[in-house]
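S.K.: model this:
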Amino acid sequence: NTTHNLYRIPSVMATPSGAVLVVAEGRFNDNDWNEGSITLARSPDGGGTWEPERDLVMQTGKCANTPAMLLDSGRGRVHLFFALSDARRWHMPVGWYEDYSDAELHIMSSDDDGMHWTTPKSLNGIRAKPGPGHGIQLIWGQHAGRLLMPLRKDGLVGKERLSERIGSFEKTGSPNDGLTGLLTAYSDDGGAVWVVSPVVPNSAANEVQVFQQTSGTIGALVRGVCTSEPYNAPYKRGRPVHWSHDGGATWTPRQEANLSVALLDASTACSLLSIPMGDDNAQLILYSSPPMAAKHCGDHIARRHLTVRGSDDGGVTWPYALVIQSGPSAYSDMSLDRDGHTVHLAYERGEHRFDEEIVHTTFTLTDLMASRITPAAAFTFEAADVGPDPPPSRCSQELDAWCRSNVSHVGEQALARWDLSDQDPTRRWRCYMPSTLSDDRIRYENGSQYWTRDTELRTALDLCLSAAPQPLSPPSSPSQMFAHAGGRALPRDTHALLF
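M.R.: Okay, here's the model as predicted:
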């Protein structure tokens, strides 16, 4: 942890010879758009030991991000995709929006388990970002053997497009809405030539991962985007999905939760694996993500309790649940070991934040299959406090007390909430009268009895946290939380710190 101030967005790949590669963004600042590198941690012995980290991509003034690896199992070649941009941030009427419209897709490859890499090159000048996570090699159907990398168009098309869209932003409160789209890059010759699919129009696809069913059909699960819908309706419906029946060349329009509402959207990327199980008609699909639905697009409290779900019926039901991390945890990626039974998992976690470190661990398919949930719907999490990074309950109480002491109104006591108002579409700390809030007193609904006190409440929160810094308090253990449902937890001492 001496080279960069922060590491984010892991991608993991187990090679046919037994090496394990983990790449991540090496950041100098805590944001998505500033100068940064693509950094590699390499284990020559299946995760037993790890070599010192090294930067694979680092260009002054450039933002290298969203790495995603793809293994050509027949050749033993690992392809690494990433985006390179002069990232900017435009100021919108509804707040800041990161503009990655100039993010150019790049690729580099290794034929010796990540020891040496080809010089990065632009992939036909395509403006898109990969994954993040990993791409897949198709196993079933007429396109078996094809290499497929999920991509997304991300951001605005220049400053002129920005000015043209301001009215829409003010209307929907959603700068992402309609400005992103799903597409894929695929190759049938080992990566010598890559073909890029058309962008799915108006798909609003965010970070994306793909999996294949035994029929040959490919599914693409995407992270949701902020919409004008109330509360957390998009996240509670499950992740939107697109389908391809021609090996990734074309995709169906966006379908809401057509796969399973069990896979809620915690406002993070997910990871997917399709694993053959003995014959042509059997498979196990794995899904890794925090299992709670985000309450809004800035709700980082949902980034916790990373869990691997399993489906043995093509994604219709998800009756297996292995809790990997109790507490703050977020982006993850999985790769199947050469033994066909062990799964490598790299993911973000922390005590106070979800992104304090990136670790590597393994679990077996036996571990997952022993974690059956009966019924599958019994496996649920409930989000805690809400906020940009919600405070522990003791600080929530102090913020409420501040509002009661400094804002008075006959017959009601003001409550501190991080939310929108009818006059200001930017989320801020405000003192709200209960009559203006929803029945659960979580979000603003209507009324004029509220007072914006963003600076004062932020100061009060900082004082509370600095007086007695503590991690957010998860349940004592995931296995205790889900004893009624049969959930199991992965022991913490099986993890290796990478970044």
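S.K.: going forward, measure contacts and count neighbours with C-alpha atoms only.
M.R.: OK.
S.K.: ranges for the helices of this structure?
M.R.: 158-172, 233-236, 365-369, 393-406, 454-467, 478-481 (DSSP state H).
S.K.: any idea which of these has the lowest pLDDT on average?
M.R.: Ranked by mean pLDDT, the helices of the chain bottom out at helix 478-481, with a mean of 27.
S.K.: so where is the stretch 151-300 of the chain shaky, pLDDT-wise?
M.R.: Counting by pLDDT under 70, the stretch 151-300 of the chain has low-confidence residues at 154-180, 202, 204, 225-237, 256-261, 280, 296-298.
S.K.: quick one: contacts for the closest residue to M369 other than its chain neighbours?
M.R.: Nearest non-adjacent residue to M369, counting by CA to CA, 6 or more residues apart in numbering: Y320, 6.3 Å away. For Y320, the contacting residues are V308, R309, G310, S311, L368, M369, A370, S371, R372, I373, A376, G487, by CA atoms under 8 Å, 6 or more residues apart in numbering.
S.K.: tell me how far the closest residue to the fifth one other than its chain neighbours lies from G36.
M.R.: Pointing back at L368 there. Nearest residue to L368, sequence neighbours excluded (CA to CA, 6+ apart): L322, at 5.7 Å. Using CA to CA, to the nearest Å, we find L322 at a distance of 33 Å from G36.
S.K.: now swap in G190 and tell me
M.R.: From G190 to G36 the distance is 29 Å (CA to CA).
S.K.: who has more neighbours, the two?
M.R.: For G190 versus G36, neighbours defined as other CA atoms under 10 Å are more numerous around G36 (26 against 18).
S.K.: hmm, the more buried one is touching L56, no?
M.R.: No - counting by CA atoms under 8 Å, G36 sits too far from L56 to count as a contact (11.1 Å).
S.K.: how about the contacts made by M108?
M.R.: H79, L80, F81, W117, T118, T119, P120, K121.
S.K.: local confidence estimate at the residue nearest to it when sequence neighbours are not counted?
M.R.: Spatial nearest neighbour of M108, excluding adjacent residues (CA to CA, 6+ apart): P120 at 4.6 Å. In the predicted model, P120 carries a pLDDT score of 97.
S.K.: kindly report the same for the one 3 residues further on.
M.R.: Taken from the predicted model, the pLDDT recorded for L123 is 92.
S.K.: my read is that it contacts L105, right?
M.R.: Yes - using CA under 8 Å, L123 makes contact with L105 at a distance of 5.7 Å.
S.K.: the more surrounded of those two?
M.R.: The neighbour comparison of L123 against L105 (other CA under 10 Å) goes to L105, with 22 against 19.
S.K.: could you check how far the more buried one is from K153?
M.R.: Using CA to CA, we find L105 at a distance of 10 Å from K153.
S.K.: between the two, which contacts overlap?
M.R.: R127, A128, K129.
S.K.: ok, now how distant is the residue nearest to M108 from V316?
M.R.: Counting by CA to CA - P120 and V316 are separated by 40 Å.
S.K.: could you do L40 as well?
M.R.: 36 Å.
S.K.: the two: which has the busier surroundings?
M.R.: L40 (24 against 13).
S.K.: wait, what's in contact with the more buried one?
M.R.: The neighbours of L40, taking CA under 8 Å, 6+ apart as the test, are L21, V22, V23, A24, E53, R54, D55, L56.
S.K.: are any of those buried, and which?
M.R.: L21, V22, V23, A24, E53, D55 (16 or more other CA atoms under 10 Å).
S.K.: which of these lies closest to R146?
M.R.: L21 (21.7 Å; CA to CA).
S.K.: which strand residues bridge that closest one?
M.R.: Going by DSSP bridges, L21 is paired in beta bridges with M13, R42.
S.K.: pull the contacting residues for it.
M.R.: Contacts here follow CA under 8 Å, 6+ apart; on that basis L21 touches V12, M13, A14, T15, L40, A41, R42, S43, D113, G114.
S.K.: thank you kindly, that will do.
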